[in-house]
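Engineer: Build me a structure from this.
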Amino acid sequence: MILIVFGKKILQKKSKMTENLEHFNVQHLFRQFFLKNQCVSDAQLECWINRIQQKLHSPPMDKELAIMNANRIFRHYGFTIRKVFSESIDETFYYLLTNDIEDALNAKSTWTQAENAFYHLLLDAIIQPFLENDFDNDDEDAFNVAKHLAIGMTSANNLARNTTIAIILGEKIVKNWINQHWFKQIDSGNKITLGVRTIAQKSSYLIRKYGLSACKYCSLVCFHGFFCSRCNVCWHEKCLPVNSTTLLSPLLCSSCDSPLAVNQIFNNKNNNN
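Structural biologist: Prediction:
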């Protein structure tokens, strides 16, 4: 009898060790996945998680918990996985970014003065038309983020003329910035919009320079979403605690319980915040 009980304890201990090892392997692979890819969409991450679970026969993975555990390790090395919602393509991304200060120093050391000027010209060309457009917040069909928060590729490349950068070199620089996620190609490659890296690492700058709004939930720049006029705060649609399309009753502000205005455009013509 004693041997049977002792044997069961050994088996339980081995089972626990196996579970811990599987957990370690999954977490290690999870971190390696982000080190290799750096920026992935929510769909890409879900696909990878499902593939790993099938391969290792591991239990279902809590994505948000896995990110939190990975960040505990990454922060020791100056990295953080950040969840970023791209309004222009209505998609959520996960981006492995460096410390903001460190990244700013790296950008200054790797970009020439002309490249830095070119980058900010592109930001102006994408954002200024949005700021100056007199959108109607009551007309849901009047505003399209991908249409109004983007610039044509040809126009983007031609902005190099306003710097000391040759057009051919400007095209190469824009392509590199797209590959590095500073900008994102949309409309079958005919236009570019703000990339995940710009949204994640330059939001504070964009909010200050252009007088834009910050999402209450994620603190990133918000161009379009839900608004509480009483609290003067906004949210991305994907940052709300629930999906508005599943509710029949009006969405309420989490702070004051006032009804939220939907499909709001946050630019200088529509908001003073």
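
Engineer: C-alpha only now, for contacts and for neighbours.
Structural biologist: Will do.

Engineer: Might you report the residue contacts of Thr98?
Structural biologist: Gly78, Phe79, Thr80 (Cα atoms under 8 Å, 6 or more residues apart in numbering).

Engineer: Try it again at 6 Å.
Structural biologist: Thr98 makes contact with Gly78, Phe79 under the criterion Cα atoms under 6 Å, 6 or more residues apart in numbering.

Engineer: For Lys172, grab the count of nearby residues.
Structural biologist: Neighbour count of Lys172, defined by other Cα atoms under 10 Å: 12.

Engineer: would you say it is within a strand?
Structural biologist: No - the assignment for Lys172, made by DSSP: H, G, I helix; E, B strand; the rest coil, is helix rather than a strand.

Engineer: Could you measure from it over to Lys83?
Structural biologist: According to Cα to Cα, to the nearest Å, Lys172 and Lys83 sit 28 Å apart.

Engineer: same thing with Tyr94?
Structural biologist: 5 Å.

Engineer: same check, this time on Asp62
Structural biologist: Distance, Asp62 to Lys83, by Cα to Cα: 15 Å.

Engineer: Show me which of the two is the more surrounded one.
Structural biologist: Neighbour totals were compared for Asp62 and Lys83, and Lys83 leads with 20 against 10 (other Cα under 10 Å).

Engineer: Wasn't that one part of a strand?
Structural biologist: Yes - according to three-state DSSP, Lys83 belongs to a strand.

Engineer: residues contacting it?
Structural biologist: By Cα under 6 Å, 6+ apart, the contact set of Lys83 is Phe93, Tyr94.

Engineer: Where does the record place the domain boundaries for the protein?
Structural biologist: Each domain of the chain is listed here as a residue range: 2-77, 105-265, per automatic domain parsing.

Engineer: Relative to Ser88, which of those domains is closest?
Structural biologist: For the domains of the chain, distance to Ser88 was read as Cα to Cα. The smallest value, 4.5 Å, belongs to domain 105-265.

Engineer: any idea of the mean pLDDT in that closest one?
Structural biologist: In this model, domain 105-265 carries a mean pLDDT of 84.

Engineer: and what of stretch 56-74?
Structural biologist: Here the average pLDDT along stretch 56-74 is 86.

Engineer: Give the buried residues for it.
Structural biologist: Of the residues in stretch 56-74, Met61, Ile67, Ala70, Asn71, Phe74 count as buried by neighbour count, 16 or more other Cα atoms under 10 Å.

Engineer: neighbours of Pro250, just the number please.
Structural biologist: Pro250 sits with 12 neighbouring residues when counted by other Cα under 10 Å.

Engineer: Nearest the geometric middle of the protein, what residue?
Structural biologist: The centre of the chain sits closest to Val84, judged by Cα atoms, centre = their mean, with a distance of 1.7 Å.
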